[in-house]
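*Asks:* model the structure of this input:
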Amino acid sequence: MIKLAQSSDGRLIIVSNRPFPADIERVEYYRDQKYFMFTYEGQDEDELMPCEIDENVDKIVRHSPDVVVVAMSEDGREPYGYEAPLVQIGL
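*Replies:* You can find the predicted model right below:
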């Protein structure tokens, strides 16, 4: 499951309770359709986030310069976080 939140400085946070196939290289946000596409480092396949973004979250995304990703690790290790670029596509 993926959850969205906002940091105290206004940036978008994406939190996952499952490991991603690799670290996220960038997050693309398609403004017209209101959905995210994850591009992973060293992977040929992108992943569409399986839900549409509502209006309140859309406002947060449009003002966020990048994304903080908090991902679960494998083998029972602690979750880890990092920043990824947010590329906004569309009007």
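
*Asks:* strands of the chain, start to end?
*Replies:* Remark: strands assigned in the chain by DSSP state E are 2-6, 12-16, 24-30, 35-40, 46-48, 66-71, 80-89.

*Asks:* list the contacts of the fifth one.
*Replies:* Think strand 46-48. By Cβ atoms under 8 Å, 6 or more residues apart in numbering, the surrounding residues in contact with strand 46-48 are P21, E28, Y35, F36, M37, F38, T39, Y40. Where C-beta positions appear, they are placed from N, C-alpha and C, glycine not excepted.

*Asks:* now do the last one
*Replies:* Contacts made with strand 80-89 from outside it, assessed by Cβ under 8 Å, 6+ apart, are listed as 12, 23-31, 61-62, 64-71, 73.

*Asks:* by mean pLDDT, point me to the weakest helix or strand of the protein.
*Replies:* Lowest on mean pLDDT, DSSP states H and E among the helices and strands of the chain sits strand 2-6, with a mean of 90.

*Asks:* which residue is nearest the centroid of this protein?
*Replies:* When Cα atoms, centre = their mean is applied to the chain, the residue found nearest the centroid is I14 (4.6 Å).

*Asks:* and the closest residue to that residue other than its chain neighbours, bridged to which residues?
*Replies:* Ranked by Cβ to Cβ, 6 or more residues apart in numbering and with sequence neighbours excluded, the top spatial neighbour of I14 is V69, at 5.2 Å. Counting by DSSP bridges, V69 forms beta bridges with I14, Y82.
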